[in-house]
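**Q** Got a sequence here, can you build the structure:
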Amino acid sequence: MKKIALFAILVLTVSCISATAQNKKGMKKVLFVVTSHDKLGNTGEKTGFWTEEFAAPYYELLDNGVQIDIATPLGGQPPIDPKSEDPSAATEDTKRFDADTELLAKLKNTHKLADVKESDYDAVFYPGGHGPLWDLAEDKNSIALIESFYSNKKPVAFVCHSPGALKNVKVNGEYLVKGKKVTGFSNTEEEAVGLTNVVPFLLEDALQTNGATYSKSGDWQPYAVEDGLLITGQNPASSKLVAEKLLNQLNIKK
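**A** This next block holds a predicted model:
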């Protein structure tokens with residue numbers, strides 16, 4: 001009887017391990033690409049990624065069973081925009097982020113962008129903050145990665161300033177955004193935060209220069225646009241909307 005019981009336990013254990021492996025194999029996997037840039041032009045102030053724009057999409061995807069890896073141009077800890085850590089900018093997601101020791105440890109050990117491959121993921125998401133305007137807009141690895149995701153019919157999602165990472169992305173010789181409906185941090189929002197003459201380029205202008213059909217809602221209002229595989233959000237308040245649209249595309253592709 002003992003042998004039978006042991007055998008039954010063994011079979012059950014193997015079955016559970018196999019089922020877990022199958023579940024993981026079937027899980028969608030998204031790459032988060034985060035800025036490594038921490039200088040706000042020549043102001044002497046710091047910048048980086050905006051906490052809400054990382055946290056809200058991260059938890060929206062995570063809570064729906066999506067696996068997430070994080071990569072940055074330099075690897076390691078990405079800079080966080082100090083203003084996004086101000087209590088006035090706090091949300092339930094940023095509070096969860098601040099207390100999430102597992103995620104904070106994960107952020108300290110991000111992958112180098114040069115070491116990640118599009119083929120390992122189902123989609124890519126870029127959080128904003130002003131940092132991407134300086135590094136990700138010009139980063140050759142990021143540019144190639146976005147092109148690869150899009151060319152292989154995988155969703156590419158951006159929020160606030162991170163559509164700036166699309167500035168130099170081309171597919172088949174044309175700017176990826178050409179003829180596409182997009183949004184992103186507006187000129188009036190940039191003016192409102194007093195950085196019109198600090199940023200290397202105005203996102204709204206750059207998207208339109210590259211042939212995009214840019215639209216926006218009111219300043220600081222939630223607004224996201226989906227044009228095929230390309231998903232963009234206007235500002236921090238749009239972060240969860242972008243994640244929801246991305247999640248919907250991932251679910252469609254089950």
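**Q** next one: phi and psi at residue 182?
**A** phi -140, psi 170 (degrees, to the nearest 10).
**Q** Now do the contacts for it.
**A** For residue 182, the contacting residues are 163, 166, 207, 212-215, 225, 227, 230, 232, by Cβ atoms under 8 Å, 6 or more residues apart in numbering. Any C-beta I mention is one placed from the backbone N, CA and C, and that applies to glycine too.
**Q** Then residue 116?
**A** By Cβ under 8 Å, 6+ apart, the contact set of residue 116 is 31, 69, 71, 145.
**Q** and residue 192, how many residues sit next to it?
**A** Residue neighbour count, defined by other Cβ atoms under 10 Å, stands at 12 for residue 192.
**Q** Show me the helices in the stretch 151-254 of the chain, by range?
**A** Under the criterion DSSP state H, counting those that start in this stretch, the stretch 151-254 of the chain contains helices at 187-192, 203-209, 239-252.
**Q** Out of the contacts of residue 182, which sit inside strands?
**A** 213-214, 225, 227, 230, 232 (DSSP state E).
**Q** Put the buried members of these into a PyMOL selection.
**A** A single PyMOL command is used to select the members of these judged buried by 16 or more other Cβ atoms under 10 Å:
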select buried, resi 214+225+230+232
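**Q** Going by distance to residue 202, which of the ones in strands among the contacts of residue 182 wins?
**A** The closest of the ones in strands among the contacts of residue 182 to residue 202 turns out to be residue 214 (Cβ to Cβ; 11.0 Å).
**Q** Does residue 75 belong to a helix, a strand or coil?
**A** coil (DSSP: H, G, I helix; E, B strand; the rest coil).
**Q** Starting from residue 127, give me the distance back to the residue nearest to it when sequence neighbours are not counted.
**A** Counting by Cβ to Cβ, 6 or more residues apart in numbering, residue 112 is the residue found nearest to residue 75 once chain neighbours are left out, at 3.8 Å. Taking Cβ to Cβ, to the nearest Å as the measure, residue 112 and residue 127 are separated by 17 Å.
**Q** Among the ones in strands among the contacts of residue 182, which one sits closest to residue 171?
**A** Proximity of the ones in strands among the contacts of residue 182 to residue 171 (Cβ to Cβ) peaks at residue 230, which lies at 10.6 Å.
**Q** you'd agree the closest one is up against residue 150?
**A** Yes. With contact defined as Cβ atoms under 8 Å, residue 230 reaches residue 150; the gap is 7.4 Å.
**Q** got any residues that touch both of these two?
**A** Joint contacts of residue 230 and residue 150 (Cβ under 8 Å, 6+ apart) are 156, 176.
**Q** which two from the ones in strands among the contacts of residue 182 end up farthest apart in space?
**A** Most distant of the ones in strands among the contacts of residue 182, by Cβ to Cβ, are 214 and 230, 12.6 Å apart.
**Q** And the strands in the stretch 51-200 of the chain, which stretches?
**A** 67-72, 111-112, 123-126, 156-159, 170-171, 174-175, 181-182 (DSSP state E, counting those that start in this stretch).
**Q** for residue 242, what are its contacts?
**A** With Cβ under 8 Å, 6+ apart, residue 242 has these contacts: 57, 125, 157-159, 224, 231-233.
**Q** most surrounded residue in those?
**A** Within those, residue 159 tops the neighbour count with 34 neighbours, counted by other Cβ under 10 Å.
**Q** So what pairs up with it in the strands?
**A** Residues in a beta bridge with residue 159, per DSSP bridges, are residue 233.
**Q** from memory it sits against residue 232, does it?
**A** Yes. Contact criterion Cβ under 8 Å: residue 159 and residue 232 qualify, at 7.1 Å.
**Q** Find the residues that touch each one of these two.
**A** 224, 242.
**Q** quick one: contacts for the residue nearest to residue 75?
**A** Per Cβ under 8 Å, 6+ apart, neighbours of residue 112: 71-75.
**Q** roughly how far apart are it and residue 120?
**A** Residue 112 is 14 Å from residue 120, where distance means Cβ to Cβ.
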